[in-house]
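Colleague: The following comprises the amino acid sequence and a computationally predicted model.
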Amino acid sequence: MNKFLIKAFVFISISIVVMLLCLSILNPRWVEGRKKIFLADNNIKNYDLLVMGSSRAEHVINVALFDTAKYKVFNIAEDGHGLVSNYLMLKVLLEKYHLTTKRVLLQVDESAFNGSVGFKSKFRDDFFISDIRDAEVFAAFRKYKGFSLAYVLHTFPFLGNLIYGSFKELPHLYNLSLRNAARKQYRNIFSGLGSTKGYEALAPMNNIITERKEFVIEQDDVQYFEAFVKLCKTHNIELILYRAPMLDCTKINSIKFDQYIAAFCATNRVRFIDLKCAYPDSKYYKDQMHIADSAATGITNGMIDSLKMR
């Protein structure tokens, strides 16, 4: 009886593992970051400008306002993208997916250089599963997510869909009778990016509560930022930096960031556009750190003029 139970347990365990492996192989790449996949699969490979940064770039630079008939522009900024993620994203786009761009507009601020406080995860590992064979991506997985997870994903990268995906989605995604629906859901993820060019609007909120914020300069963020700058130089990309507006900007202690970025830009001859206190009225904000669509239009038009991309 005991031998039968042991054999049954082993058989069931193996069956479950095999089933999960099969499901992970069937799963479309819905967990990896829709903008990266969109750019990788898109026919356009040569850009005039890529907008990068965190949510404070994703919701600020409305690239659809650019003359898209004249310039190829895309906003690849996403929520939670710290300097680690931005560097690795540009690296894989240039080196693995063979994109080119003449310019990069990178959003940086106090929070970006204090990533462990400024972001839930300065490294968006869920966007880099299929890129883990890259040595620097693997190093970031090891540093921020631990050796065990890094090793498992490096050996079996297709397991990422199960590790990062929601099991609530499995009945919908993997019921064979619903495969067409699953594919439609996958296509819908990208359907709007062709028109929005990666920008996502935010609606303003009333009665926003602001607070005082203190940030430091973290060394690993500095290292990835400097690697980002070096990568741009290697690929002959003009880099422009900017800081997005913040509500009650005087409550945010910027001394350390201001000193660092001023010295860095002077030494490396990098342009920095500072909009920190440009919009003091709360009617333009979603929250203290995020501007709403009503101001994003003005900011983008100003940026277009500043970049001479009319």
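Modeller: Happy to help now that I have it.
Colleague: what's near enough to touch Lys197?
Modeller: Val63, Ala64, Thr68, Val73, Phe74, Asn75 (Cβ atoms under 8 Å, 6 or more residues apart in numbering). For the C-beta atoms, the positions are set from N, CA and C on the backbone; glycine is no exception.
Colleague: same thing but 10 Å
Modeller: 35, 38, 51, 61-66, 68, 72-76 (Cβ atoms under 10 Å, 6 or more residues apart in numbering).
Colleague: mind listing the helices for the stretch 201-310 of the chain?
Modeller: With DSSP state H, counting those that start in this stretch as the criterion, the stretch 201-310 of the chain has helices at 219-234, 255-268, 293-306.
Colleague: Who's the closest spatial neighbour of Leu193, skipping the chain neighbours?
Modeller: Spatial nearest neighbour of Leu193, chain neighbours left out: Phe38 (4.8 Å); criterion: Cβ to Cβ, 6 or more residues apart in numbering.
Colleague: Glu58 too?
Modeller: For Glu58, the nearest residue in space outside its immediate sequence neighbours is Ala77; the separation is 4.1 Å by Cβ to Cβ, 6+ apart.
Colleague: May I see the helices of the stretch 201-310 of the chain arranged in JSON lines, with mean pLDDT and mean neighbour count as well?
Modeller: Shown next, in JSON lines, are the helices of the stretch 201-310 of the chain (pLDDT from 0 to 100; neighbours: other Cβ atoms under 10 Å):
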{"stretch": "helix 219-234", "mean pLDDT": "96", "mean neighbour count": "17"}
{"stretch": "helix 255-268", "mean pLDDT": "95", "mean neighbour count": "14"}
{"stretch": "helix 293-306", "mean pLDDT": "93", "mean neighbour count": "17"}
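Colleague: got the residue ranges for the strands in the stretch 1-150 of the chain?
Modeller: Secondary structure of the stretch 1-150 of the chain (DSSP state E, counting those that start in this stretch): strands at 46-52, 73-75, 100-107.
Colleague: Kind regards, and thank you for your time.
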